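*Asks:* Can you look at this prediction? I've put the sequence above it.
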Number of protein chains: 4
Amino acid sequence: MVVVMKFGGTSVGDGKKIRKVAEIVRDRKKDDKVVVVVSAMSEVTNALIDISQQALDVRDLEKISDFISFIKDKHYSAIEDAIKDENIKKHVKKIIESRIEELEKVLIGVAYLGELTKRSKDYILSFGERLSAPILAGALNDLGEKSIALEGGEAGIITDNNFGNARVVKLKVKEMLTPLIERDIIPVVTGFIGLSEDGYITTLGRGGSDYSAALIGYGLDASIIEIWTDVSGVYTADPKLVPNARRIPKLSYIEAMELAYFGAKVLHPRTIEPAMEKHIPILVKNTFKPEDEGTLITNNIEYSDRVVKAITTIKDVALINIFGAGMVGVSGTAARIFKALEDVNVILISQGSSETNISIVVSKEDADRAVKSLKNEFGVFYKKSFLNNSVIRGVDVDKDVSVVSVVGAGMRGAKGIAGKIFTTVAESGANIKMIAQGSSEVNISFVIDKKDLINCVRKLHEKFIEAQ
Amino acid sequence: MVVVMKFGGTSVGDGKKIRKVAEIVRDRKKDDKVVVVVSAMSEVTNALIDISQQALDVRDLEKISDFISFIKDKHYSAIEDAIKDENIKKHVKKIIESRIEELEKVLIGVAYLGELTKRSKDYILSFGERLSAPILAGALNDLGEKSIALEGGEAGIITDNNFGNARVVKLKVKEMLTPLIERDIIPVVTGFIGLSEDGYITTLGRGGSDYSAALIGYGLDASIIEIWTDVSGVYTADPKLVPNARRIPKLSYIEAMELAYFGAKVLHPRTIEPAMEKHIPILVKNTFKPEDEGTLITNNIEYSDRVVKAITTIKDVALINIFGAGMVGVSGTAARIFKALEDVNVILISQGSSETNISIVVSKEDADRAVKSLKNEFGVFYKKSFLNNSVIRGVDVDKDVSVVSVVGAGMRGAKGIAGKIFTTVAESGANIKMIAQGSSEVNISFVIDKKDLINCVRKLHEKFIEAQ
Amino acid sequence: MVVVMKFGGTSVGDGKKIRKVAEIVRDRKKDDKVVVVVSAMSEVTNALIDISQQALDVRDLEKISDFISFIKDKHYSAIEDAIKDENIKKHVKKIIESRIEELEKVLIGVAYLGELTKRSKDYILSFGERLSAPILAGALNDLGEKSIALEGGEAGIITDNNFGNARVVKLKVKEMLTPLIERDIIPVVTGFIGLSEDGYITTLGRGGSDYSAALIGYGLDASIIEIWTDVSGVYTADPKLVPNARRIPKLSYIEAMELAYFGAKVLHPRTIEPAMEKHIPILVKNTFKPEDEGTLITNNIEYSDRVVKAITTIKDVALINIFGAGMVGVSGTAARIFKALEDVNVILISQGSSETNISIVVSKEDADRAVKSLKNEFGVFYKKSFLNNSVIRGVDVDKDVSVVSVVGAGMRGAKGIAGKIFTTVAESGANIKMIAQGSSEVNISFVIDKKDLINCVRKLHEKFIEAQ
Amino acid sequence: MVVVMKFGGTSVGDGKKIRKVAEIVRDRKKDDKVVVVVSAMSEVTNALIDISQQALDVRDLEKISDFISFIKDKHYSAIEDAIKDENIKKHVKKIIESRIEELEKVLIGVAYLGELTKRSKDYILSFGERLSAPILAGALNDLGEKSIALEGGEAGIITDNNFGNARVVKLKVKEMLTPLIERDIIPVVTGFIGLSEDGYITTLGRGGSDYSAALIGYGLDASIIEIWTDVSGVYTADPKLVPNARRIPKLSYIEAMELAYFGAKVLHPRTIEPAMEKHIPILVKNTFKPEDEGTLITNNIEYSDRVVKAITTIKDVALINIFGAGMVGVSGTAARIFKALEDVNVILISQGSSETNISIVVSKEDADRAVKSLKNEFGVFYKKSFLNNSVIRGVDVDKDVSVVSVVGAGMRGAKGIAGKIFTTVAESGANIKMIAQGSSEVNISFVIDKKDLINCVRKLHEKFIEAQ
C-alpha cells in the first residue's frame, strides 16, 4: 500500500529541517511505498505574494533584486545543510538556480509591464513549491533513496483555468505516479499547484498543499494520508488562547471538517472530502516530535462522555445585519443578497424567524466591500421610505466581534448541550449577538464581542473539555 | 386627527356583528375623524379560494350555483341583521346583488375556459371585501352616520401588476380620502385589495387588510391605527398550546414585527413598517370585548424584569440540510442556492462555521418543491464523487419538525438568556436541531421535533413568562 | 401507398362543396389509401378571431349569441347539403351541436373574465377545423365510405405549449393512423391544430393546415401530398395584378419555398421541408376544376429557356433604415438590432458595404412597433452628438413601399439576369430603394414605391414570362 | 480659425519627408492657427504588432534586440535628416532614446511573462506615434516655429478601457489645446491613441489617426480638417485594378462614408461623423504633391451627369449562406445569428424574401470562425431532420469571392441605374452571387467570383466613369 506524506512550510523551514524530513520519509519507506507532497519553505509564499505586488506597484527593480538575493540565500543555504554529497548538491543547485532566474525574469516582466494578471500571479506563487521540492528530493537521494521532484501537473493534477482557485477537472495521478513508485522511486510532488488543460500552472487556493496530498491519496487509493506539520495534532482549542488546550487523539471526518476551518490551521476542510470518499484515514503528525501520536481522522465517531471535542475561534470578523420588512414575502431577496456577496467569503448566515432580517458574518477585511456590494445591488437604502420599493431598509455593521464554534459529533441529539453552552457563555460575561447552528448538530457557532473572546473560550474549555 | 380602524373577518362575521362594529365606529367618531378598513366576512375569502379552484377543476356549474346561493344567503341575512331602515336595506341589497351577479359570471367564465389566471384569481378574491364593505357602510348610514364604501383603488392604493402579491407603487390616499373626511363622511375601505396602474384589481398578499390599514394611516398621517380582531391583543404564546398564555399590554415595533410572523396571527409584519416610519401607534383591540385594553405597539421599548415577551411557534415545517465540502470557498454557492429557492418561502437560514453546510427551514408543503429546485440547479448529487464538480454533495430533509421563537427586545444584551432558554428546552425533553439568531438579538429561533413542541413551549412559557 | 389530401377553406366553403370534396376523395380512394386533412369552412377562422377579440373588448353577450347563430346556421345547412342519410345527418348534427355549445361557453367565459389568454385563443380557433372535419367525415360515410374525424392530437401531432405558433415535438402519426387505414377507414384530420404534451389544444401558426398535411405525409411516408385549393396551381404572378399570369406546371422544392411566402398564398413555406426531407412530391390541385393538372413540386429542377419562374409581391410593407457611423466596427450592433426586433417579422434585410447602415423591410403594421423597439434598445437617437455613445444615429421609415421578388432556380449562375431585371424595372418607371439577393441565387428581391408596383410587375412578367 | 492637419505614415516615412511635412505645416501656419496630428512612421505600427506577437510566442530576446536596433536606426536617422540644429537634435534624440528604452522593457516584460494583455498591446502600439510626434515637433522647432509633441490623452482625447478599440467618452480638446494655440505654439498630437479615465493608454482602432484628427477638429470647431496622405485624393477606383482610375474632386459626406470603407484606404468612415456633425469640410491632400487639389468632402451633393462616383472592391471575402425553412416565423433567429457572430466583422447582409435563408459576407480570414460560432449556437445541423427543432438546416461557405460596391449620391432616385450596373456586370462575364443595397441608395454592393473581379471592375469603370 502507498502512504502519502505531506510536509508543511515550517517542516521544510531550513536545510536541517529538510534533512530531518528526508530521514522521516526514509524510515517510513522501509515498510511502505511513499509519495511525498511538500509546501514552499516557510515565509517563501508570503514573500512571493509581497514581491509580486511590489513589482507591480513601485516598478522598483532594486526591490526585485533584493528579493532574488533573499530567495537565493535561503534556498542555497538550505541545499548546503540538507545535502552532503557534492555532486547531488551541484545538480540541485543548478535546478534551483535556473528556476530562480526564471522567477526573476517574470518579476521583471511584471515590473516592466506594470501589470499583474491572475495567470502571472499563480505562476509566481508556484515557485515556492517548485524550489523546495527539488531540495527535498536531493536530500532523499543523499540518503541513498531514489527520488525525483515533480510539479503538480506532472503528478497528474489537472485543473481548469480558474487561476488563484483552480478546480480539479481530471486526476491522472495513478498513470503518472505508479510507474515511479513501482521502480521504488519516491516522488516529491509540489503541493498547492496544478496544471490547466491549456498548459498553464495554476494554484489550488487556500490550504492547497493539504488538498494536493488528499488528491494524490485519492488517486492512488493510499492506505493513509499523513499531514506533517509543526504541531502534534488537532487541539481542543487554540493553545495561544487557552493554555490548557490538549491534543485530540481521534476525530471523525465530519468533526475534522467542521474544525478544519479554524482548527489551529492544522488542515484545510477541502482535504477531508477525497479521503472520506475512499475511507482513507488522515493522520496529523508533528515533524519535530515524530514520536507524538498526533490526531487520527477516520470514519468512526468516538463515543465518549465528552460530547464537545473542541472549541474554535475566528478572532476578527464583522457582523452584518441586513434588515427591512419589505423582505417579507419578496421571493428572491436572499438570492439577490448572496448574488451581491458572490465574491465575499461568508462565514456564518442566520435569518431570524420574522424574515425581516438576515445576519451574516464575514472576515473583517471583507466587511466594507460586502456593504458596498449590497448598496450597489439594492440602492442607497437609508432614509428611504418603505414606499420606495427597496426591499432592504438598511444595513448595520459591527466590526469588533469574533466567532466561537463548539464542535463535537457527540452533540448530535445530546439534549441540553446548547443550554449548557450558552449558560457558560453568559457566566463568562459575554453577550451573544448571533447564533447559527446547522442541522448537522455537530457544531454550534455564535458571535460575541471581541473583548470577551478569551474569557469565553477559556470558560467553555474548562467546562466542556477539562472538566469531563 | 384621523383614526384608522380596521376590522377583521370575524369582527364582521354576521349581520349582528357588523352592526356592533358600526356602533363601535360611531362611538369613536364622536371624538375623531375615522376611516374604516374592513376584511371579507369570515369564511368568505377561503370559500372564494376554494370555488375558484373547483370551478377550474371540475367545471361543475352546480358547485358554482351552490356557492352563489351560500354567498347570497350569507350577505343577504347580514344585511337583514345589520340594517334596519328599509330604504337603506334595499339600496345595499341592490349593490350586493349586482356584485354577486358579477362574481357568478366570472366563476362561470373560469369554468367555461377551464383556466384561472392570476389576474382572474385576484379579481375573484376581491369580492370578499367588495361585498362586506357596502354592508358596513349601510349599517353606519342606518346609525345616522354619513358613510360610503370604497374599493382599495378608490382609496388611493395604487399597485403594480404583480397579481397575488402586488406591491404598492403610488399612494394617493390623501387626495382620495381627505375630501370625504372633511365632509364628515366615513369611508369604509375594502382591505386587502388595490388597483394596478393598468386598471386591474390586485390583492396585497397575506395579511393584506392590516397592510391596507397601515397604508391608509400612513397616507393620512393618522394619530393611531387600530386593528380590531377577535382576541384581546397579542398573547405571550398561542393559547391553544399554552393555557396560561396572557395578553401583552405593550410592544415595541420591532418586537411586534418579530412576533407578527406567528403571533396568534394578530397582525401581519408588513403592517409595522409604514406605521414605524411615521411613528404612528398601532392598537390591537377585541371587537367583542371593546373594554379590554388590547396591545399597544409603539416606538418605545418597555424595560421590565421580563426580557422575554412571547414565545411563538410554527408547527409544520421542514428542515432542509444542504451539505458538501465543495462549497468551501466556492463563491456564489449561497447565491445559487437561494436563486434556486426563489419561489420558496424560506423561514429560517443557518450556515455553520465550516461553510460545509447550509440549513434552511421551509413550510412543510414547500419542502418537496424546494428539494426539486435544488436538484435542478445542482444536478443529481448523491453518489457522485467530489471530482464531478458538483459543489453540493447532498440534501437531507426532515419533515417532522417545528420552529419555536423566543421574542423580546429586552433580550438584547441580556447575558445568559440564550443559556437559560436552551437549558429549559433541554429540560422539556426536546432536542435542538438547528438554531438561528439574527443580530437584532430580539429573537432566538430554533427547530425541534414536532412531538416535543407542546412540552417545550409550555416549559419556556412557565420559566420566562409566568415565573417573572 | 398512402395519399394525403388536404382541402382548404374555400374547398369546404358550403355543404355542396363538402359533398364534392367527399366525392373527389372517394374516387381517389379506389386506387390508394387516403388520409384527408381539412381546414375550417371559409370565413370561419376569421370570424373566430374577430369574435374572440369582440368578446373580450365589449363584453357584449349579444354579439356572442349572434355569432353562435351564424356558426350554427353555416354548419347546419352544410350538413343538410353534404349528407343525405337522415341517421348520419342526425349523428353529425349532434356532434356539431355539442361542439358549438362548448364554443359558446368558452366565448362567454372570455366575456365574463374580460381576459383572453393565448391558450384560450388557440382553443377558440381550433373550433373551425373541429366543426368542418366531422361534416366531411359524415359526407364520406354518406357515400358509403368508412370515415372518422380526428383532431390533430388524435392524429399524432404533438407540440410544445407555444400557443399560437406551436412547434412539433413528437410525431405519432404512424401509430395513430395506420390501424385506421388498414381497416380501410378514411381519417379526416383537422388541419392547423395539434395537442401539447400537457394536453392543451395548440395551433400551428400561419399556413398550419398545409403544414399538418405535410406532417402527416411525412409520418406515413406518403406517396404524394395533395394540396387541394381554389386555384389550379401556382401562378407566374398574382392574377389580380397581372392578367396574363399563367399556371406553372412544375416547380422544384426550393423554388416553391421561395414562392410560397407570397405565391397566391397557395401553400406555406413550412409545408415544403418535411416533404423535401423524404422526397415526397407535393401536388397543388383545384377542387373546383379537378381536371386541371395543377402544379407538381418535386426535387427536380426543370431546365428550360425560362430562367424566371414567377414574380411575387408583398404590397404593404415598410422600409426601415438604421444608420450611424458609430456602427462601424462595433461588434454586436447587428445582434442588438435583431434582438430588439425579436418579435417583429423581418421580411428583408440588407446591409450596404460601408457598414454604416442596415436596412430592413417589415410588414406595414409592424413598422411602428419595430421603431419603438429600436428606440428602447438604443435610446432616443435623433439630435444626439456622435459623442453620446449611441452607436445608432437615427432611423428612417418609409411606409409606402412594396416588395417584388423574381424567382427561378434557373437564375442560379445565369449571367446578366440581374441586369435585365433591373433594366426592366427602370423601364417600368419604378425606382429601386433596396435590393437583397441571397446566395441561393434563386431569388432577387427589391423594394419600390407602392404606386409603381402594378406597372413594374406587369413589365417584368411580360419580359421574363410571357416573352419566353 | 484653426486648421487640423493630419499626416499619415507614408508622409512621415523618413527624415526628409518629415522635414517636408514640417515645411508644409510652416507655410500653412502663415495664414491660420494649426494643430498637427501625426501617424507612426511607415512600417512602424506593423512592426510593433509583429514584435508584440513574437515576443510572446518565441520568448526570444534576440528578436527583441534586433527589433529595437531597427527602431532606433529608423528614428535616429530620421532625426538626422529632419532636424539641423544640433541642440534640437540632441534634445529630440534624448526623448526618443528614453521612449525606446521604455518600449524595450515592455517587450522584455511580455517575453518574460509569456503573456500579452490587450492593455499591454495598446501600450506597445502607442510607441509608433509617440516616437514620430517628437521628431516632427523638433523639425518644426528647427524651422523656427514653436511646437510641442503631445500624446492623445494630453490633447484631451479621453476614452473608456476598451483596449484595442476604445470609445471616446469625453473630449477635453478645447481646454487642452487652446492655451497652446493662443501662445502660437503648434501642437503635434499623436494620432490613433487616447487615454482612459483610469490613466491607461488606449488605441482607437482601425483608422484611428484620421479619427483623432476629426475629434480634434470637432473639439476646436476647426475651419477644415486636412488629411495628408500619399495619394492625391479619393479615386474613382483602385488604381492598381483600374489603370484609368481618376481623382474625384468633390464628395459629399455620405458618399465619402460609403467609399471610406475601401476607398484606396484614404480615410476611415469614422472620420466623417464628427466633421459632418459640425459641417467641417475634410480635404484629402497628397504630401508629395501638395500642389494637387485633392478631394474635398462637404455637405453638398454635387449634381452632375455622372451618378456613379466610384467603384470600390474588397478582394478576399467569404460568402456564408445560412438556410432552413425552420427560420420562417421563428422570431429571434436573426438575433441569435448575429449574437453568434458578435465578434465577426460582417461586411454585407442579405435576407431573401422567403425568409428561408440569410446570406452574409465576412472577410476571408473570419469565415471559419464565423461558421464555428454558428455551429456552437445552433448545433451540428447537417443531416438533421426538420423535426429536431433546429431552426437552421445548414450553412454553406464560398471563400473565392469578392465584393464590388458602386457608389454615388446621384444614384439615389436615378431610375435604371441598377439595371445598367448589373447588365454591365453580366457583360464582363461575372455571375452575381448576392446583392445588397441599403435604402440610402448611395451604394449598390454585390458579390462575384474573385476570378471575375478585375474584368468586372474595369468594365464598370469604363461604362460609368470614363464614358460619362
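*Replies:* Arrived safely, thanks for sending.

*Asks:* where in chain A is pLDDT low?
*Replies:* In the predicted model, chain A carries pLDDT under 70 at residues A:58-59, A:261-266, A:301-305, A:324-332, A:352-356, A:379-391, A:393, A:438-440, A:468.

*Asks:* domains for it, by residue range?
*Replies:* A:2-229, A:310-465 (the TED database).

*Asks:* how about those in CSV, adding distance to residue D:167?
*Replies:* (C-beta placed from N, C-alpha, C; glycine too.) Below are these laid out as CSV (distance: least, Cβ to Cβ, whole Å):
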stretch, distance to residue D:167
domain A:2-229, 21
domain A:310-465, 23
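
*Asks:* mind putting those domains in a markdown table, mean neighbour count and distance to residue C:15 included?
*Replies:* Output for the domains of chain A, formatted as a markdown table (neighbours: other Cβ atoms under 10 Å in any protein chain shown; distance: least, Cβ to Cβ, whole Å):
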| stretch | mean neighbour count | distance to residue C:15 |
| --- | --- | --- |
| domain A:2-229 | 21 | 71 |
| domain A:310-465 | 21 | 57 |
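
*Asks:* Export these as TSV, with columns for distance to chain B.
*Replies:* As requested, those are exported to TSV (distance: least, Cβ to the nearest Cβ, whole Å):
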stretch	distance to chain B
domain A:2-229	6
domain A:310-465	3
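
*Asks:* who wins for proximity to residue C:411 among those?
*Replies:* domain A:2-229 (48.7 Å; Cβ to Cβ).

*Asks:* Quote the end-to-end distance of that closest one.
*Replies:* 20 Å (Cα to Cα, to the nearest Å).

*Asks:* so how far is it from its chain's centroid?
*Replies:* From the chain centre to the centre of domain A:2-229 is a distance of 16 Å (Cα atoms, centre = their mean, to the nearest Å).

*Asks:* Tell me if it is near chain D.
*Replies:* Yes - using Cβ under 8 Å from any Cβ of the partner chain, domain A:2-229 comes into contact with chain D via A:105-106, A:108-113, A:115, A:117, A:119-120, A:123.

*Asks:* and those, which of them are in strands?
*Replies:* Judged by DSSP state E, strands contain none of those.

*Asks:* Which residues are in contact with the residue most central in space within chain A?
*Replies:* With distances taken as Cα atoms, centre = their mean, the residue of chain A nearest its centroid is residue A:207 (2.8 Å). Applying Cβ atoms under 8 Å, 6 or more residues apart in numbering or on different chains to residue A:207 gives the contacts A:267-271.

*Asks:* What distance do you get for it to residue C:156?
*Replies:* The gap separating residue A:207 from residue C:156 is 59 Å, by Cβ to Cβ, to the nearest Å.

*Asks:* Just checking, which helix or strand succeeds the helix or strand in which residue A:271 is found along the chain?
*Replies:* Assessed by DSSP states H and E, residue A:271 sits inside helix A:269-277. With elements assigned by DSSP H and E, the helix or strand that comes after helix A:269-277 is strand A:282-286.

*Asks:* Note down every partner strand of whichever helix or strand comes after that next one and its orientation.
*Replies:* Using DSSP H and E, the next helix or strand after strand A:282-286 towards the C-terminus is strand A:295-298. Partner strands and pairing direction for strand A:295-298 (DSSP bridges) are strand A:250-252 (parallel), strand A:282-286 (antiparallel).

*Asks:* circling back to that earlier point, the domains of chain A: which one's closest to residue D:226?
*Replies:* Using Cβ to Cβ, the domains of chain A put domain A:2-229 closest to residue D:226, at 36.6 Å.

*Asks:* So which elements touch the helix or strand residue A:26 falls within?
*Replies:* Assigned by DSSP H and E, residue A:26 belongs to helix A:15-29. Packing partners of helix A:15-29 (3 or more Cβ pairs under 8 Å, 6 or more residues apart in numbering or on different chains; DSSP states H and E): strand A:2-7, strand A:33-38, helix A:61-82, helix A:118-142.

*Asks:* What residues does the nearest residue to residue A:455 once chain neighbours are set aside make contact with?
*Replies:* Setting aside the residues directly before and after it, residue A:455 is nearest to residue A:428 in space (Cβ to Cβ, 6 or more residues apart in numbering or on different chains), at 4.7 Å. Counting by Cβ under 8 Å, 6+ apart, residue A:428 makes contact with A:452, A:455-456, A:458-460.

*Asks:* again, 10 Å this time
*Replies:* Residue A:428 is in contact with A:448, A:452-460, A:462-463, B:415, counting by Cβ atoms under 10 Å, 6 or more residues apart in numbering or on different chains.

*Asks:* Using CSV, lay out the helices and strands packed on helix A:15-29 together with distance to residue B:231.
*Replies:* CSV is the format used below for those (distance: least, Cβ to Cβ, whole Å):
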stretch, distance to residue B:231
strand A:2-7, 65
strand A:33-38, 67
helix A:61-82, 74
helix A:118-142, 61
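
*Asks:* Residue B:401 is nearest to which of those?
*Replies:* strand A:2-7 (41.2 Å).

*Asks:* So in that sheet, which strands flank that closest one, and in what orientation?
*Replies:* Strand pairing for strand A:2-7, using DSSP bridges, gives strand A:33-38 (parallel), strand A:224-229 (parallel).

*Asks:* Minimum distance to residue D:67: which of those strands has it?
*Replies:* strand A:33-38 (41.5 Å).

*Asks:* now the very next helix or strand once past the closest one against helix A:118-142, angle please.
*Replies:* Counting by DSSP H and E, the element after strand A:33-38 in chain order, helix or strand, is helix A:44-58. Counting by axes from the mean of the first three to the mean of the last three Cα atoms, to 10 degrees, helix A:44-58 lies at 150 degrees to helix A:118-142.
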